[in-house]
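Enquirer: The following block contains a protein sequence and its predicted model.
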Amino acid sequence: MLGQRFNLTIIDLLEEVSELTERYRFIVGPARRHFRMPFPYAIIYIDRTDFVWVIEGALFKREPGYWKHRLE
C-alpha cells in the first residue's frame, strides 16, 4: 500500500514536470526541483529543448546538494 502510493506520487511528479517544465523553481544553475508531500523526495531535473533530463530522485534527509556532481 505505502509502496504503491509512493510509486504513484513519483509518477505524478514526473508527469507534472514533463507537462509544465518551466513551472518549478531553479535551485542550482539550470536544475529545477519539484516535490509534493507526504513523501520527502524531490525530482531534480533540467529542461532541455527536446527532453527533460531527470538528474535525481532526491531524498530531503540527505546532505543538501549531494547530487550536484551530476551537473558536470
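Expert: That came in fine, so what should we check first?
Enquirer: per-residue confidence at the residue most central in space within the chain?
Expert: Most central in the chain under CA atoms, centre = their mean is residue 43, positioned 1.0 Å from the mean C-alpha point. The confidence metric pLDDT takes the value 92 at residue 43.
Enquirer: Give me the residues contacting the one helix or strand in the chain whose mean pLDDT sits lowest.
Expert: For the chain, using mean pLDDT, DSSP states H and E, the weakest element among its helices and strands is strand 52-59, scoring a mean of 88. Strand 52-59 has contacts (CB atoms under 8 Å, 6 or more residues apart in numbering) with 10, 14, 17-18, 21, 31, 33, 40-46, 66-67, 70-71. Using the backbone N, CA and C atoms, a C-beta is placed for each residue, glycine as well.
Enquirer: Let me see the contact set for the residue nearest to the centre of the chain.
Expert: Residue 43 makes contact with 10, 13-14, 17, 33-35, 54, 56-58, according to CB under 8 Å, 6+ apart.
Enquirer: Make a ChimeraX selection of the buried ones in those.
Expert: In ChimeraX, a selection of the buried entries from the contacts of residue 43 looks like this (16 or more other CB atoms under 10 Å):
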select :13,14,17,33,34,35,56,58
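Enquirer: Between the contacts of residue 43, which sits nearest residue 4?
Expert: When these are compared for distance to residue 4 (CB to CB), residue 10 comes out closest, at 11.0 Å.
Enquirer: Now the closest one: which helix or strand?
Expert: Taking DSSP states H and E as the definition, residue 10 sits inside helix 2-19.
Enquirer: what packs against that helix?
Expert: In terms of contacts (3 or more CB pairs under 8 Å, 6 or more residues apart in numbering; DSSP states H and E), helix 2-19 is packed against strand 31-35, strand 41-47, strand 52-59.
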